[in-house]
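**Q** missing the sequence, but the structure's below:
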């Protein structure tokens, strides 16, 4: 008999399970991937201190800690339905049905697809797939390639590909359409990238970026943006070129691009072709929250959090008794935030299960403060206005479930 079922064996799920089992709760984690770790498995970057953040090592540490504490970990298991019956959550999976009074959804994030003509050719993949193939499976995805989509995620993984000895010749924008939206508009892309200017490899770029936050100067800068682009870790970022088509017979052979104006509109007669053998499409991330919807949890669209997110408090509880969330399902942030949120969710479950001692409230508040601290120290923010997004959700929770004391809200 499980006390807690955790869906998602990434950083949030593992840390949440550890917090629960530490207080004597019986926990089972399920994940459809064959290995524990979630998106941690592909992460590799250098911290400002010079130390390396190795996601594989971090995930292994969390996994071993969970195992040693007695967490039951089931990988390769798909969950397709959730139901609440009396006081129990019923979890329908590919290996049978499980029950528990408490359920933690830590399902993470997925990538926005941006369709590009020719994207079904062998050698075309999402930027996240390139990260997993390179860092997890140790597969060389190609010899020379191109990234379609300029965002924080694509630049983080660009560096990882370069560390693996893989050459990325250019970063271009997707063609502006209903699917790409702002990702195909140079000025909007520039705005988003300026929020990560402190990561620029050149002091000149870091200095110049402060001026580019002025609307007029930014428009001038884009108008006269170098045709050969500006280099990011040695790879030209071409903000005034958009991918029109991926070409090839049996595999990727090249990408046809066209010059665009600062609003993303194509300039006739400016087409050219880059020869490459792989293409990575980077559309960004959104919360993978379908299971919360299946469970009946209400949602709110908050762009600063990455899209539609389930209603939740700072304690990671939802309006549905016994249902908790943590990690990127609540908004797109780093693996460190996911670990910290998982701890909050675990402690919240302990509190609601009445298993903690008198200090559990203090520990919970400390865990919440830790999330704020980790967020302030974050080097990379996938959504620059994440604090605003979190404030919106906190205000929504207060107005709907605290002030009005809506029936169904959990109490400690």
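**A** Here it is on my side, so go on. Nothing here was measured: the structure is a model prediction, and the numbers come from that model.
**Q** and the pLDDT for residue 239?
**A** On the pLDDT scale, residue 239 is placed at 91.
**Q** how far does the helix or strand encompassing it sit from its chain's centre?
**A** For residue 239, the host element (DSSP states H and E) is strand 235-247. Between the centre of strand 235-247 and the centre of its chain there are 24 Å (C-alpha atoms, centre = their mean, to the nearest Å).
**Q** and that strand, what does it pack onto?
**A** The contact analysis (3 or more C-beta pairs under 8 Å, 6 or more residues apart in numbering; DSSP states H and E) places strand 235-247 against strand 167-174, helix 186-194, strand 230-232, strand 254-259. For glycine as for every other residue, the C-beta is placed from the backbone atoms N, C-alpha and C.
**Q** just checking, residue 313 touches residue 396?
**A** No. Between residue 313 and residue 396 there is no contact under C-beta atoms under 8 Å: 9.8 Å.
**Q** those two: which has the busier surroundings?
**A** Neighbours per residue (other C-beta atoms under 10 Å) separate residue 313 from residue 396, with residue 313 holding more: 22 against 16.
**Q** distance check, the closest residue to that one other than its chain neighbours against residue 391.
**A** Leaving aside its sequence neighbours, residue 313 sits nearest to residue 397 (C-beta to C-beta, 6 or more residues apart in numbering; 4.8 Å). According to C-beta to C-beta, to the nearest Å, residue 397 stands 11 Å off from residue 391.
**Q** who has more neighbours, the two?
**A** residue 397 (21 against 13).
**Q** what sits against the more buried one?
**A** Neighbour list for residue 397: 311-314 [criterion: C-beta atoms under 8 Å, 6 or more residues apart in numbering].
**Q** and the residue nearest to residue 313, helix, strand or coil?
**A** helix (DSSP: H, G, I helix; E, B strand; the rest coil).
**Q** make residue 1 into 317 and carry on from there
**A** Let's use 317 as the start, then, which means that last one is residue 713.
**Q** what ranges do the helices span in the stretch 567-716 of the chain?
**A** Ranges of helices in the stretch 567-716 of the chain, per DSSP state H, counting those that start in this stretch, are 606-611, 651-668, 676-692, 702-713.
**Q** turn these into a markdown table, including mean pLDDT and distance to residue 557.
**A** Output for the helices of the stretch 567-716 of the chain, formatted as a markdown table (pLDDT from 0 to 100; distance: least, C-beta to C-beta, whole Å):
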| stretch | mean pLDDT | distance to residue 557 |
| --- | --- | --- |
| helix 606-611 | 96 | 35 |
| helix 651-668 | 96 | 32 |
| helix 676-692 | 95 | 35 |
| helix 702-713 | 96 | 30 |
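**Q** any chance of JSON lines for those, columns distance to residue 598?
**A** Supplementary listing: these in JSON lines, determined by distance: least, C-beta to C-beta, whole Å:
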{"stretch": "helix 606-611", "distance to residue 598": "22"}
{"stretch": "helix 651-668", "distance to residue 598": "18"}
{"stretch": "helix 676-692", "distance to residue 598": "23"}
{"stretch": "helix 702-713", "distance to residue 598": "19"}
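**Q** break the chain down into its domains, please.
**A** 320-427+601-718, 440-597 (automatic domain parsing).
**Q** which of these has the lowest average pLDDT?
**A** domain 440-597 (a mean of 83).
**Q** end to end on that one, go ahead and measure it.
**A** End-to-end distance of domain 440-597: 8 Å, with C-alpha to C-alpha, to the nearest Å as the criterion.
**Q** and that domain, how far out from the chain middle?
**A** How far domain 440-597 lies from its chain's middle: 19 Å, per C-alpha atoms, centre = their mean.
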